[in-house]
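**Q** build me a structure from this.
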Amino acid sequence: MKIKSYYSHTVEDAMASARQELGPEAMLVNTRKTPVESRHLGEYEVVFATLQADGCEPESGGAQSGSTGHTRAVVSGDRLSVEVAELKQELEGMRRALNRTAYAPPQWTGVPQDVSDAFDTLTAAEVSADLARDIVQSAGVRLQERRGAGSTPAAHPEAGGFQRALVEELENRFSVDSALGSSASTARIVALAGPPGSGKTTTLVKLAVNYGLAARRGVLLLSMDTHRVAAADQLRSYAAILGVGFQVLGTVGALAQTIEENRGKELIFIDTPGFARGELKDETGLTHLLKTRSDIDTHLVLPASMKPADVSRVVAEFNVLGPQHLLFTRLDETGSYGSILNEAIRSGKPLSFFTTGQRIPEDIEAATRQRLLDSILDRRGGKVRSAA
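**A** Numbers count the residues shown, from 1 in each chain. As a prediction, this is how the structure comes out:
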């Protein structure tokens, strides 16, 4: 048997090199990140094995001898294949056992099935397992305190008692606030920030129509998005259709001056560039302005369809702007809303608005606790919410 490691910057390249040298019958034994001391060889190490080492061709002394050598090689190869398969099964069993331990719902003596159902419902909606466990445990404590010290959740079979405690626990963990702008400023100034493609421009127009024009307020649209091709032209077209003021600003100084010159406007909306990963820098340019101006109400715009881990990363990166609100778009493009709850609780920032489609101005609504909890708890047939 021949075992050899291949190093490369990607797993795919390392596997391709192994297949090319050892042939398509070579077996993948292990894949891992290269240790620090070997990192100069490549980012990843891929270990392959073949059934026959170099130079171990069957002897040519006669037909019987060659046949015996071939048989031994096959038997040895079969044994290796079986051992590798058994090892993989054991590792997979260990992985499943660890996952069951990490994500198992909390266990209390005598707790009814609805406790376990609540945990399953939250994690199915992609609420993080640790947060879901803490919420369910706290709901149990809340119910126990309500029924009196010394009692257990099973002592009084009150219909829907745990579900009501769960909803109350969830409602107390995050806040909502759909107010636009700072109340301390005469002109309410709202900036939308977020990653590219999150829906900032269309959301800005929806807000301008529903909370500006519909309320007969003077509206001004400002664009700082000179990065994306035709971004300003898109907003200019919307402004022309709506009959509101519009300006494209290329510098932070011009933005500050324009705000001062238009203090008479009741609502000023600022469309910012879609900053990609690594483009945000603290204390410079637009980042510094949004972070230090208390009269600018910055809403971080995030797609609800984004993976929870990516949402957490983006919220952490955009924290240098000091956003006051979280605004989630594309609720119509996902069936899992746990990432919204995760970040609302983790960041402590209130949820402001949800958008549910591309229609302008219809597909936007003020964020409410009931809307989010209905979306999360009704995900598996509404068992939790309907009982509450």
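
**Q** helix or strand: which one has residue 133?
**A** Following DSSP states H and E, one finds residue 133 within helix 129-147.

**Q** and the strands in the chain?
**A** Secondary structure of the chain, counting by DSSP state E: strands at 2-8, 27-33, 44-50, 188-194, 219-223, 245-248, 267-274, 296-303, 325-329, 351-355, 364-366.

**Q** which residue is the nearest non-sequential neighbour of the most centrally placed residue in the chain?
**A** With distances taken as Cα atoms, centre = their mean, residue 308 lies nearest the centre of the chain, 2.0 Å away. Using Cβ to Cβ, 6 or more residues apart in numbering and skipping residues adjacent in sequence, the residue nearest residue 308 is residue 339, 4.0 Å away. Just so you know, the C-beta spots here come from the backbone N, C-alpha and C atoms, and that holds for glycine as well.

**Q** then residue 239?
**A** Here the residue nearest residue 239, using Cβ to Cβ, 6+ apart, is residue 246, at 3.5 Å.

**Q** do the same with residue 173
**A** Per Cβ to Cβ, 6+ apart, closest to residue 173 is residue 345, 5.0 Å.

**Q** that neighbour contacts residue 132, correct?
**A** No: in this structure residue 345 lies outside contact range of residue 132 using Cβ atoms under 8 Å: 11.0 Å.

**Q** the two: which is more packed in?
**A** Ranked by neighbour count (other Cβ atoms under 10 Å), residue 345 and residue 132 place residue 132 first, with 25 against 18.

**Q** quick one: the more buried one from residue 173, how far?
**A** Plainly put, residue 132 is 12 Å away from residue 173 if you go by Cβ to Cβ, to the nearest Å.

**Q** specify the beta-bridge partners of the closest residue to residue 245 other than its chain neighbours.
**A** Using Cβ to Cβ, 6+ apart and skipping the chain neighbours, the partner closest in space to residue 245 is residue 220 (4.4 Å). Counting by DSSP bridges, residue 220 is bridged to residue 245, residue 268.

**Q** residues touching residue 220, list them.
**A** For residue 220, the contacting residues are 244, 245, 246, 247, 262, 265, 267, 268, 269, by Cβ atoms under 8 Å, 6 or more residues apart in numbering.

**Q** so the third one sits against residue 219, correct?
**A** No: under the criterion of Cβ under 8 Å, residue 246 makes no contact with residue 219, lying 9.6 Å away.

**Q** which of those two has more neighbours?
**A** Taking other Cβ under 10 Å, residue 246 and residue 219 do not tie; residue 219 has more neighbours (22 against 19).

**Q** just want to check the distance between the more buried one and residue 241.
**A** Separation of residue 219 from residue 241 (Cβ to Cβ): 13 Å.

**Q** and residue 200, how many neighbours does it have?
**A** Count around residue 200 with other Cβ under 10 Å applied: 27.

**Q** what does residue 32 give?
**A** Neighbours around residue 32, by other Cβ under 10 Å: 11.

**Q** can you pull the contacts of the closest residue to it other than its chain neighbours?
**A** Distances taken as Cβ to Cβ, 6+ apart put residue 45 closest to residue 32, at 5.6 Å, once the chain neighbours are dropped. By Cβ under 8 Å, 6+ apart, residue 45 lies in contact with 5, 6, 7, 14, 30, 31, 32, 33, 34, 38.

**Q** who does residue 45 form a beta bridge with?
**A** Bridge pairing for residue 45 (DSSP bridges) gives the partners residue 7, residue 32.

**Q** just the one 5 residues further on next, same as before
**A** Here residue 50 shows beta-bridge partners residue 2, assigned using DSSP bridges.

**Q** next one: it from residue 122, what distance?
**A** To residue 122, residue 50 is 48 Å away according to Cβ to Cβ.

**Q** these two: who's more crowded?
**A** residue 122 (26 against 19).

**Q** what's that one in contact with, if anything?
**A** By Cβ under 8 Å, 6+ apart, the neighbours of residue 122 are 131, 132, 135, 136, 338, 376.

**Q** now residue 14
**A** 6, 7, 8, 42, 44, 45, 46.

**Q** break the protein into its domains for me.
**A** Following automatic domain parsing, one gets these domains for the chain: 2-102, 188-367.

**Q** re the thing from before, which one of the contacts of residue 14 is nearest residue 312?
**A** Proximity of the contacts of residue 14 to residue 312 (Cβ to Cβ) peaks at residue 44, which lies at 25.2 Å.

**Q** which regions of this structure sit below the pLDDT cut-off?
**A** For the chain, the stretches flagged by pLDDT under 70 are 1-2, 36-37, 51-83, 85-86, 88-112, 147-160, 183-185, 227-231, 281-284, 379-388.

**Q** was I right about residue 346 contacting residue 308?
**A** No: taking Cβ under 8 Å as the definition, residue 346 is not a contact partner of residue 308, at 10.5 Å.

**Q** which of the contacts of residue 220 count as buried?
**A** 244, 246, 247, 262, 265, 267, 268, 269 (16 or more other Cβ atoms under 10 Å).

**Q** any chance of those residues in TSV with distance to residue 288 as columns?
**A** TSV is the format used below for the buried ones among the contacts of residue 220 (distance: Cβ to Cβ, whole Å):
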residue	distance to residue 288
244	28
246	25
247	21
262	21
265	24
267	24
268	19
269	20
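
**Q** of all those, which comes closest to residue 204?
**A** Within these, the smallest distance to residue 204 is 5.1 Å, found for residue 269 (Cβ to Cβ).

**Q** skipping its backbone neighbours, what lies nearest residue 285 in space?
**A** Counting by Cβ to Cβ, 6+ apart, residue 285 lies nearest to residue 252, which is 5.3 Å off, once chain neighbours are set aside.
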